[in-house]
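need coordinates for the below:
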Amino acid sequence: MDTLSATLSALADPTRRGLLAQLALGEATVGDLAEPYEMSLAAVSKHLKVLEHAGLVTRGRTAQYRPCRLDAKPMKEALDYLSSYRRFWEENFSRLDALLEEMKADTENPGKDRT
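From the prediction side, this is the model:
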């Protein structure tokens, strides 16, 4: 799987996005990350493996301490990909704004010919 696909797949799950949000605040252990969730440590570890596979999380090792850290580099490619659609959305929103203004004017001035 390519990097972008792995990143988007990993980000598709709300639990994984929550784990990344926690890691954005600093490194944490699996136990720390599992605390807000009603799931086993094994389930959280599976989510972390998906994030590791996508390159979004790295795990260190200091004796028995295995901290997880966020690595946001793969998100840059996803951001660049999604940003390429910005112009599309801006143009659509501009057309919608114009239509809404026209509808508002029609409501405020009923019967006025717009030709």
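
what mean pLDDT does stretch 3-12 get?
Mean pLDDT, computed over stretch 3-12, is 95.

just stretch 64-78 next, same as before
Here the average pLDDT along stretch 64-78 is 91.

render the CA-only coordinates of that stretch in PDB, please.
Provided in PDB are the C-alpha atoms of stretch 64-78 (Å, rounded to 0.1, in the frame of the first residue of the first chain):
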ATOM      1  CA  GLN A  64      10.500  -1.300  30.200                       C
ATOM      2  CA  TYR A  65       9.100   2.000  29.100                       C
ATOM      3  CA  ARG A  66       7.800   2.000  25.500                       C
ATOM      4  CA  PRO A  67       6.600   5.400  24.700                       C
ATOM      5  CA  CYS A  68       4.600   6.100  21.500                       C
ATOM      6  CA  ARG A  69       5.300   9.300  19.600                       C
ATOM      7  CA  LEU A  70       3.500  11.100  16.800                       C
ATOM      8  CA  ASP A  71       5.200  11.400  13.400                       C
ATOM      9  CA  ALA A  72       3.100  13.800  11.400                       C
ATOM     10  CA  LYS A  73       5.300  13.600   8.200                       C
ATOM     11  CA  PRO A  74       2.900  11.300   6.300                       C
ATOM     12  CA  MET A  75       0.000  13.700   7.000                       C
ATOM     13  CA  LYS A  76       1.800  16.300   4.800                       C
ATOM     14  CA  GLU A  77       1.200  14.100   1.700                       C
ATOM     15  CA  ALA A  78      -2.500  13.700   2.700                       C
END
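
could you check it and say which residues are buried?
67-68, 70-71, 74-75, 78 (16 or more other C-beta atoms under 10 Å). To be clear about C-beta, it is placed using only N, CA and C from the backbone, and glycine gets the same treatment.
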